[in-house]
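Peer 1: Provided below are the primary sequence and the corresponding predicted coordinates.
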Amino acid sequence: MQDILSILSGSLVGFVLGLVGGGGSIIAVPLLLYVVGVASPHLAIGTSAIAVSLSALSNLVNHARRGNVKWPCAVSFSAAGIAGAWAGSSLAMRVPGDQLLALFGLLMIIVGTVMLLKKDAEGNPDIRLSFSTARQLLPLLLAIGFGVGALSGFFGIGGGFLIVPGLMLATGMPIGIAIGTSLVAVTVFGATTASNYAMAGLVDWRIAGFFIAGGVAGGVIGTLAGQKLAKRKGSLTMAFAVFVILIGAYVTWKGVSPLL
């Protein structure tokens, strides 16, 4: 039964990613905890990090083919974030499970709110990291990359909702290119976090395998549904944002209640 629930939960995450283009990874940990029945928040975070990384890698291929990835910016941002993700995930493993769960729930509420408020922004599609622009762009890419990587590692999520605005702030690139470029960082941060948790024995490889398999199938269905419902994508994103906020409130309560 747990294997079936893992597949179904992974399918839901993949479906959401395909349907609305992001945000699905934020519900992976609650699904692993409350649907699949993973034993602890730390084990759920370590297991979900693998799925987040592989999902981002799959989406990255499509964006790269469309030319939506600024590779020099992505590599610089991600390289700095690796150290941040390792530090963040190492710190998270020292935080008691209930407290980490409460913080994760608060993060979900913040993510849902950002999704409700997010607007498309103009930018410079021709921006690139080169010898002539390195002095201006590189310090921000490295500093913001490390900070976002630390948060991504601490909570065991892709962190796309932070990476995208971080890249836009550091470089001035438009949101469409920032989304494609961010997938490099999501892949790397997820892999770094998963490796750290795996070394501590906090990854359930069997569940991860079924979860990822479900995610692949759900992603295909979600992408097809997203294409048919493209005109309603804004409404779908808003509905999902409200769902994330409600789940976040529940997760926060589950984390806080044992402390009361």
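Peer 2: Everything's here; your move.

Peer 1: What is the three-state secondary structure of Val203?
Peer 2: Recorded secondary structure, Val203: coil (DSSP: H, G, I helix; E, B strand; the rest coil).

Peer 1: Now the strand or helix carrying Lys254: buried residues?
Peer 2: Using DSSP states H and E, Lys254 maps to helix 233-256. Buried residues in helix 233-256, counted by 16 or more other C-beta atoms under 10 Å: Leu236, Thr237, Phe240, Ala241, Val244, Ile245, Ile247, Gly248, Val251, Thr252, Lys254, Gly255. Any C-beta I mention is one placed from the backbone N, CA and C, and that applies to glycine too.

Peer 1: Look up the closest residue to the fifth one, ignoring the ones flanking it.
Peer 2: This means Val244. Gly112 (3.7 Å; C-beta to C-beta, 6 or more residues apart in numbering).

Peer 1: separation between that neighbour and Val242?
Peer 2: Separation of Gly112 from Val242 (C-beta to C-beta, to the nearest Å): 7 Å.

Peer 1: dump the residue contacts of the residue nearest to Val244.
Peer 2: Ala241, Val242, Phe243, Val244, Ile245, Gly248 (C-beta atoms under 8 Å, 6 or more residues apart in numbering).

Peer 1: Please name the residues that touch the closest residue to the last one other than its chain neighbours.
Peer 2: Spatial nearest neighbour of Gly248, excluding adjacent residues (C-beta to C-beta, 6+ apart): Met108 at 2.9 Å. With contact taken as C-beta under 8 Å, 6+ apart, Met108 is in contact with Ile26, Pro30, Val244, Ile245, Ile247, Gly248, Val251, Thr252.

Peer 1: Using pLDDT, spot the least trustworthy of the residues you listed.
Peer 2: The lowest pLDDT within these belongs to Ile26, with 80.

Peer 1: Tell me the spacing between the nearest residue to that one once chain neighbours are set aside and Val36.
Peer 2: Excluding its sequence neighbours, the residue lying closest to Ile26 (C-beta to C-beta, 6+ apart) is Val111, at 5.4 Å. Distance of Val111 to Val36, computed by C-beta to C-beta: 21 Å.

Peer 1: next one: Gly18
Peer 2: In terms of C-beta to C-beta, Gly18 sits 20 Å off from Val36.

Peer 1: Using the three-state scheme, assign the residue in the chain sticking out farthest from the centre.
Peer 2: Here the chain reaches farthest from its C-alpha mean at Ser132, the gap being 32.0 Å by C-alpha atoms, centre = their mean. What three-state DSSP gives for Ser132 is coil.

Peer 1: Next, find the distance separating it from Ala51.
Peer 2: 40 Å.

Peer 1: and the angle from the host helix or strand of Ser55 to helix 233-256?
Peer 2: Secondary structure from DSSP H and E places Ser55 in helix 41-65. Between helix 41-65 and helix 233-256, the angle comes out at 160 degrees (axes from the mean of the first three to the mean of the last three C-alpha atoms, to 10 degrees).

Peer 1: which of the residues in helix 41-65 are buried?
Peer 2: Here helix 41-65 shows 41-60, 63-64 as buried, counting by 16+ other C-beta under 10 Å.

Peer 1: Can you tell me the closest non-neighbouring residue to Asn124?
Peer 2: Asn124's closest residue in space is Gly172 (C-beta to C-beta, 6+ apart), at 5.1 Å.

Peer 1: list the contacts for the one you found?
Peer 2: Gly123, Asn124, Ile127.
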